[in-house]
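Novice: Structural data only, the sequence is not supplied:
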């Protein structure tokens, strides 16, 4: 990925060796606890466990699909990447009741908005809720694979129609300078 010090980034999930599959997500709330308690991780964010998925996007009365993923508000800080236009998501975006915002990929910006600076501030309806585009990321930043737009975890919970759904995430973390991946793994265990 075109991010700052990619060798210090790790993706983590829970593993139940007795179960199949062995990849189990964290609850979104677990990410803050891991970030606060870890001595080997400099910063921790959440990224949707199910990866990018299609959302019906309505703009100017026309419907299409956008492949989106929920991430915690500090996702781009942990990656160490700045937008080329507008701003990244922040922790302040990732609270219930706030304005719903999106950051889009460079590819979507080119395809859907022809690279226009006017894309910032545009409103898109996802899940019957209005979202405002606040930023565009650099080319080649498409994590997880296939993503076209990132939304805060709190925004996803607001558009889920079934209260039984919960937001499951993998942990995206940046290992502290001087710590090893092995130390980080042991710390998470």
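Specialist: Yep, it's here. Computed from a prediction, not measured in an experiment: that's the story for all the values here. Numbers count the residues shown, from 1 in each chain.
Novice: Against which helices or strands is the helix or strand of the chain with the lowest mean pLDDT packed?
Specialist: Ranked by mean pLDDT, DSSP states H and E, the weakest helix or strand in the chain is helix 153-159, scoring a mean of 79. Using 3 or more Cβ pairs under 8 Å, 6 or more residues apart in numbering; DSSP states H and E as the contact test, the elements touching helix 153-159 are strand 62-71, strand 129-136. For glycine as for every other residue, the C-beta is placed from the backbone atoms N, C-alpha and C.
Novice: and of those strands, who's closest to residue 180?
Specialist: Comparing the helices and strands packed on helix 153-159 by their distance to residue 180 (Cβ to Cβ), the top pick is strand 62-71, with 25.8 Å.
Novice: what sits up against the closest one?
Specialist: 45-48, 51-57, 89, 102, 108, 124, 126, 144, 146-153, 155-156, 167, 169 (Cβ atoms under 8 Å, 6 or more residues apart in numbering).
Novice: Point out where the protein drops to low pLDDT.
Specialist: Flagging of the chain using pLDDT under 70 yields the residue ranges 18-21, 158-166.
Novice: Could you give the bridge partners of the most centrally placed residue in the chain?
Specialist: What sits nearest the mean C-alpha location of the chain, by Cα atoms, centre = their mean, is residue 71, with 2.5 Å. Beta-bridge pairing of residue 71 under DSSP bridges involves residue 47, residue 152.
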